[in-house]
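1. got a structure for you, letters missing:
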C-alpha cells in the first residue's frame, strides 16, 4: 500500500469467505466495495458466492488513492 501512486487503485481479491482472509484484512484501511459488481456487501468489500451470484466464493475490495 505505501507504494501505491496517488490516483492509483489496489484491488484485494481472494477466493475465500473466511473473515480472517477477507474483512479482517481490509478493515479500517480505506477499502470499499467495487461498483457495478453483483454480490453482498461484506465489511469493506463485496462477497460473491454460489447462493447470491451463482459464482464460486470470492471477496473483492478496492482501495482508491
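-> Yes, it's here. None of these values were measured; they are calculated from a predicted model.
2. Okay, buried residues for the least confident helix or strand in the chain by mean pLDDT please.
-> Within the chain, no helix or strand scores below helix 50-53, which has a mean of 84 by mean pLDDT, DSSP states H and E. Across helix 50-53, burial judged by 16 or more other CB atoms under 10 Å covers residue 53. Yep, even glycine has a C-beta here, placed from its N, CA and C like the rest.
3. contact partners of that helix?
-> 38-40, 56-57 (CB atoms under 8 Å, 6 or more residues apart in numbering).
4. now do stretch 58-65
-> Contacts of stretch 58-65 (CB under 8 Å, 6+ apart): 1, 4-17, 21-23, 26, 29-34, 37, 39, 42-49.
5. Stretch 26-41 too?
-> Under the criterion CB under 8 Å, 6+ apart, residues 1, 11-12, 43-49, 52-53, 60-64 lie in contact with stretch 26-41.
6. What ranges in the chain fall below the confidence cut-off?
-> For the chain, applying pLDDT under 70 flags no range at all.
7. can you map out the strands along it?
-> 9-14, 40-42, 45-48, 58-64 (DSSP state E).
8. Neighbouring strands - and their directions - for the second one?
-> Going back to what we said before, that points to strand 40-42. Here strand 40-42 has these sheet partners by DSSP bridges: strand 45-48 (antiparallel).
9. Selection in ChimeraX covering whichever of the contacts of stretch 26-41 are buried, please.
-> In ChimeraX, a selection of the buried entries from the contacts of stretch 26-41 looks like this (16+ other CB under 10 Å):
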select :12,43,44,45,46,47,48,49,53,60,61,62,63
